[in-house]
Structures are given as structure tokens and as C-alpha cells.
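> here are the coordinates; sequence isn't available:
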């Protein structure tokens, strides 16, 4: 047996090692170009903890966000569904937020207070974020699932707090049950529905995308994560479905304003999905076209650089240039173009097939190559 003095010295050393390891928690930033005059924020507005049907403690969500390069998160535990209630032993619907608030400040992660309002589909599930308190929704938990008036009362309470409300995973039980219905129409008319999840986890909802474009609702993508995220870092190949918000000010107010203005794109698998005007503005910030470094009798050589984590996959729509060009995330590619006028400027017409402006519709772009001086 170790002498007591040696034991306590060893214990103290172990404690210092643990605190040092915690101080060295590594964050891997996500390269995300922004729109002019804005900052890009990687956000996940739909996640769960043991305070509803998740399997992790609230601060785990903050630790994950730090490690994976996220800037803002919302823990959106269900108001009506809490299977671990007897174990966590609290009636306080704000408790998951309260437990995550301190760690989020320490890690410089914006923590947005939120909740998931849950009914059978249809009408489905909805997230309310930027709430001041979740607890006022507690009295609505026992409202009958088929009671539209009670459901609208829940939205009224959220709307009075200035919540940003979006419709979750509309087609998760199939497109027939995920159609725009009377509740969605009523929320829309009252100005209480602001966005739609067009992507949730590994699923893209085509009809939801169409609804968002038709009604000018904000495009949202989320993880809807319940278990722990075991990824070490965010990469082009391994990442959560995220909302990228373009904010003028990195604050809850700045983020809410960006969402209400629809200044978002969704990063889903190897795709960016957004409105055409936003993706058009994002393209020059993402793809750098370097001036030609070599001109031969019948070729022009130049470099394309991708400043983002998202790959850029292009197919030619014009008559000049390679049939396809793919620039992986954070990568550079060499391109050459055959021409009998190597000193003349070139315009290469393409469509970015993995940047969608509508379902199955890529973003048209032009690569302008300067001529020789």
C-alpha cells in the first residue's frame, strides 16, 4: 500500500492532469465562407437530451458543439414526451437549458432556448426556439392530441415570447402524412410559422423544400440527434446536417434576425441547399478562380480553389471547358481549357449540381478567365 502522502500527491497530480486535458479540449473549425457583410455560423437547432427522449446529459451537447466546430445550438427537448421523467426527477422544462448554459458560455457557444411541440403526424412536430421560458408550455402538456385549439394555444404562448417556429421533419411518416395541412395554414396566416426542416438527419424532404420556396419560409437543416455524437471532427464526409446562418452580428439577436430574414443554407451530405440569390452571392466567396499561369498555343491552364468544407461539383452547360469539374472541400484543382485563342478571355458556363436552388435543380454559374494583358 502506498504511503498516504504519496497517495495524495499522486491524486493531486492526476487531478492536475485531468484539468490540463480539459483545458486542451480541441476544436476543429469548419471553413465556411460568408455572404458580404456577414459571418457564417454553423448551427444545429434540433437535439435532445435525457430531459426528453435523448440519451445524453445536456452539457454533452455543448462539448460536442465545441469539438465539431459549431457556433450555435438549441436543445429542443419534447414538451409532451419525457420517457426518463422518473429518473431525472424534475418537472422543470427549462432544466436542460439551465444545465447547458454555463458550459456554453465557457465554450463561447451560443445556446438558444428551445422546445419541441409534439403531436401525432399530421399535424406533426414543431420546434420553437429563442423562447424566454419553456415552462409556460407545461400546462399544455395534457391537451388532447386531436385538439387543434389546444395546439394553437401552445403556439400562441411561444409566439408571444418572440419564438422562431419551424415545422420538423414533415415527411418522416411518409409524404401523404407530411402534407401541408390546416394547422400549417393557420400558423402561416397568423405569422407563427417561420421555417421548415427540409433536411433532418440523413433525410431530405422534397415536398418540404417545395413548401418553403412557395411560401418564402426559412430553410432549416438539423441533426435531430438523440444519442452521443462520436465524430472527432466535422469533415466533408462526416458531418451533421446543419443550418448555416449568415449573421451581421454574432449574438442571439443577430442570429434570430438572420433566420427571420431567411439568410440560411442547409448543409446536407455533400450538398448546399439554399435560395438562388444567396447561393449566387456565396459562390465567389467560395470558389476562387486564379489567373492563368500558363498559356500554350492551344491551351490555357488555371487553378480553382475551394475555400469551404463543402465540395463543388460542376457540369458544363456551355461549349467551352471540361465536361465536369469537382473541387473537393478545402482543396485546389488544376484545370486546362482547349482554345485556338489562348490570349483571349474565356467564359465557362456550368451548373453546380450539388448546390440546389430547388429540388433537383443546381446553381448556374460562369467561370470568367481573364485574357492575357
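It's in. This structure is a prediction, so every number in the text was calculated from the model and none was measured. Residues are numbered from 1 along each chain as shown.
> which of the residues in the helix or strand residue 155 falls within are buried?
Residue 155 is part of helix 148-160, with elements assigned from DSSP states H and E. For helix 148-160, a neighbour-count test (16 or more other Cβ atoms under 10 Å) marks 151, 152, 154, 155, 157, 158, 159 as buried. (Glycine included, C-beta is placed from N, CA and C.)
> elements contacting that helix?
strand 110-118, strand 125-129, strand 164-167, helix 182-190 (3 or more Cβ pairs under 8 Å, 6 or more residues apart in numbering; DSSP states H and E).
> Reformat these as a markdown table; add mean pLDDT and distance to residue 230.
Below are the helices and strands packed on helix 148-160 laid out as a markdown table (pLDDT from 0 to 100; distance: least, Cβ to Cβ, whole Å):
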| stretch | mean pLDDT | distance to residue 230 |
| --- | --- | --- |
| strand 110-118 | 96 | 22 |
| strand 125-129 | 97 | 24 |
| strand 164-167 | 98 | 27 |
| helix 182-190 | 96 | 35 |
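> Just send those back as JSON lines, with distance to residue 263 and mean neighbour count too.
Shown next, in JSON lines, are the helices and strands packed on helix 148-160 (distance: least, Cβ to Cβ, whole Å; neighbours: other Cβ atoms under 10 Å):
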{"stretch": "strand 110-118", "distance to residue 263": "16", "mean neighbour count": "23"}
{"stretch": "strand 125-129", "distance to residue 263": "16", "mean neighbour count": "27"}
{"stretch": "strand 164-167", "distance to residue 263": "13", "mean neighbour count": "25"}
{"stretch": "helix 182-190", "distance to residue 263": "20", "mean neighbour count": "15"}
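> of all the ones you listed, which lies closest to residue 371?
strand 110-118 (46.4 Å; Cβ to Cβ).
> For the helix holding residue 155, what is the distance to the chain centroid?
Distance of helix 148-160 from its chain centroid, counting by Cα atoms, centre = their mean, to the nearest Å, is 26 Å.
> Contacts for that helix, please.
79, 115, 117, 119, 123, 126, 128, 131, 136-137, 140, 143-144, 165, 182-183, 186-187, 190-192 (Cβ atoms under 8 Å, 6 or more residues apart in numbering).
> for the record, mean pLDDT for that helix?
Taken as a whole, helix 148-160 has an average pLDDT of 88.
> Numbering from 44 from now on, please.
Done: numbering now begins at 44, and the last item shifts to helix 191-203.
> angle of it against helix 225-233?
If you take axes from the mean of the first three to the mean of the last three Cα atoms, to 10 degrees, helix 191-203 sits at 40 degrees to helix 225-233.
> Wait, residue 68 touches residue 109, no?
Yes. Counting by Cβ atoms under 8 Å, residue 68 touches residue 109, with 6.5 Å between them.
> Give the residue from the two that has the larger number of neighbours.
Neighbour comparison, residue 68 and residue 109: the larger count goes to residue 109, with 20 against 10 (by other Cβ atoms under 10 Å).
> contacting residues for the more buried one?
68, 70, 150, 152.
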